[in-house]
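Peer 1: Mind folding the following:
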Amino acid sequence: MGSVNVSTGTASGTFKDSQSFAFTISSAATTEIKIYGRNALGSGEAWFSPDPAVIPIGSTSVEPQAVQESPIGSYFTYAVTGMNVAQTAHIQVASSLPAAKKAS
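Peer 2: All right, here's what the predicted structure looks like:
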């Protein structure tokens, strides 16, 4: 299962269509954190469901499901509200997994 640390902007593991993955933060949320799917150009693109994914107060993660098949070599990003983030990870579509999303 893939994982994206929203606090650090790092992604690891494999992101596959119709499978869950995790958005995590380094410490428990003190406000509700919403994570919105974006495409490679930054415009709205619901590549996971639910969109937005919500990390509730007191939690450190949420597990949405990847719902969009994508061409190999493309990538997705996300936008975050409710906290400051240093950078945004690019979720890279793997060359070895057709129609799968893999962290870069």
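
Peer 1: if I pick the nearest residue to Glu45 once chain neighbours are set aside, what's in contact with it?
Peer 2: For Glu45, the nearest residue in space outside its immediate sequence neighbours is Asn39; the separation is 3.5 Å by CB to CB, 6 or more residues apart in numbering. (C-beta placed from N, C-alpha, C; glycine too.) Taking CB atoms under 8 Å, 6 or more residues apart in numbering, we find Asn39 in contact with 45, 47, 76-77.

Peer 1: can you check Ala22 too?
Peer 2: In this structure, Ala22 makes contact with 1-4, 61-63, judged by CB under 8 Å, 6+ apart.

Peer 1: Over to Lys34?
Peer 2: Counting by CB under 8 Å, 6+ apart, Lys34 makes contact with 52-54, 80-82.

Peer 1: go with 6 Å
Peer 2: Going by CB atoms under 6 Å, 6 or more residues apart in numbering, Lys34 touches 52, 54, 81-82.

Peer 1: Highest neighbour count among these?
Peer 2: The residue in the contacts of Lys34 with the most neighbours, by other CB atoms under 10 Å, is Pro52 (20 neighbours).

Peer 1: returning to that earlier point: would you mind putting the contacts of Asn39 into CSV with secondary structure and pLDDT alongside?
Peer 2: As requested, those are arranged in CSV below (DSSP: H, G, I helix; E, B strand; the rest coil; pLDDT from 0 to 100):
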residue, secondary structure, pLDDT
Glu45, coil, 71
Trp47, coil, 83
Phe76, strand, 79
Thr77, strand, 82
